[in-house]
Structures are given as C-alpha cells and as structure tokens.
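**Q** Sequence and predicted structure are below.
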Amino acid sequence: DVSITYDSILKTIEKNNVHSLKKILLFDLYVGKNIPEDKKSLGMGFIFQEKNKTLTHDEVDVFMNSIIDKLQKKFNIQLRK
C-alpha cells in the first residue's frame, strides 16, 4: 500500500535478524500504469554474506523466504511476477 513506509519495511526486515544479511538496497519505486492507485511497487536487492564460507542458493532461499513471510504477514505484500 502507498501508506507503508520504506523505513517500516526496513525495520521489519531487521527484526527478522538474518545474520548473513549485510545490506538492503532500494533500486526502484514505481507508482503508475499497471499498479493499482492505492499501491506502490518497490524494487529491493539484498546482499547476503558470510566471512567463513560461500552461501548456497538453498541457504539464501531460506533467508529470503523468511523475510518475505514476515513482510506478507505484517504488510500483506505481494511479489510481482
């Protein structure tokens, strides 16, 4: 929803406490054509890193699923496909 602030999304993600999450990037904010009037679309990137090993796709998928689950429960977000 347009009323949800980026800051509130960041705080929710940070509370999720994913140790390997090192950085969150907002690379796009879109409101307009093909998006309902009361909605906005955020493009976000996540950087995961461990000092002692290379993370697998499966490990990162677990982190991302956890973050998405929390955001869906708190803000009722929908992923664009």
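**A** Noted; the coordinates are in hand. Numbering: from 1, shown residues only.

**Q** where along the chain do the strands fall?
**A** Secondary structure of the chain (DSSP state E): strands at 21-30, 41-48.

**Q** who does the shortest one pair up with?
**A** Read it as strand 41-48. strand 21-30 (antiparallel) (DSSP bridges).

**Q** Now find how far off-centre the strand it pairs with is within its chain.
**A** Its chain's average C-alpha position is 8 Å from that of strand 21-30, according to CA atoms, centre = their mean, to the nearest Å.

**Q** so which of the strands of the chain comes closest to residue 66?
**A** Checking those against residue 66 by CB to CB gives strand 21-30 as the closest, at 10.0 Å. C-beta: built from backbone N, CA, C; applies to glycine.

**Q** Which residues does the closest one contact?
**A** With CB atoms under 8 Å, 6 or more residues apart in numbering as the test, strand 21-30 has contacts from 6, 10, 13, 40-49, 63, 67.

**Q** try 6 Å this time
**A** 41-49 (CB atoms under 6 Å, 6 or more residues apart in numbering).

**Q** go on, stretch 58-69?
**A** Contacts for stretch 58-69 (CB under 6 Å, 6+ apart): 13, 16, 18, 48.
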